[in-house]
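Colleague: A structural model of the following input is requested.
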Amino acid sequence: MKGVTVVSHPLVQHKLTLMRDRTRSTSGFRRLVREIAMLLAYEVTRELPMTTERIETPMEALDSPVIEGKKLVLAPILRAGLALADGMLELIPSARVAHVGLYRDHESLEAIEYFFKAPHDLADRLVIVTDPMLATGNSATAAIDRLKARGAHDIRFVCLLAAPEGIARMQAEHPDVPIWTAAIDRELNDKGYIMPGLGDAGDRIYGTH
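Modeller: As a prediction, this is how the structure comes out:
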């Protein structure tokens, strides 16, 4: 699917299967989210622009590769996106973090904003938006709308699971934003949950209902 990368690495797929199991404990689920997040971060940053920097090894001077430009920004959609961002920060500890607070109205399924805080220079940085589920696409598109309004234009979206409906919505609203996911599931149910899915990611991460 154009604009969508399904990360088929065996470790990602194995860990995703463990997460789907309804008997997985809260601590086990949370740990798996962080582990998969690190693997997804590796994939989504694969094509970062590079330059060289002159350094001194213990043996001699060397022009060695480093990432070019300003440090990237992780933009988790609160609350569940935080767990993905935390895992990615273990791999990219110098990244800046924006916070996009949205909740889903259970009647309309629309995303309602309650908090937004981001670095002032988003236009100069790669922004990676994180949310475990791309279901209806309402939260993802609303978050990206807000980030673009603050100047962001180089944006990537990372999730654990995507539904075809969410992908279609994202590509209709933001065709310039590529998507990375561990799997594309079958469909949404009438309550907007991904099927077969893994349940409510936020509740499973934080042990709430």
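Colleague: give the contact list for L198.
Modeller: By Cβ atoms under 8 Å, 6 or more residues apart in numbering, the contact list for L198 reads L16, M19, R20, L160, L161, R204. Backbone N, C-alpha and C define where each C-beta goes, glycine included.
Colleague: now name the helix or strand holding the closest residue to the third one other than its chain neighbours.
Modeller: Residue nearest to R20 in three dimensions, not counting chain neighbours: L198, with 4.6 Å by Cβ to Cβ, 6 or more residues apart in numbering. Using DSSP states H and E, L198 sits in no helix or strand.
Colleague: how close does L198 get to L11?
Modeller: 17 Å (Cβ to Cβ, to the nearest Å).
Colleague: sorry, back to before: among the contacts of L198, who's most crowded?
Modeller: Within those, neighbour counts (other Cβ atoms under 10 Å) peak at L160, which reaches 30 neighbours.
Colleague: make sure that residue is indeed in a strand.
Modeller: Yes. Applying DSSP: H, G, I helix; E, B strand; the rest coil, one finds L160 inside a strand.
Colleague: pretty sure it sits against V33.
Modeller: Yes. At 7.4 Å, L160 counts as touching V33 under the criterion of Cβ atoms under 8 Å.
Colleague: what residues do the two have in common as contacts?
Modeller: With Cβ under 8 Å, 6+ apart, L160 and V33 have common neighbours M19, L84, P132, A201.
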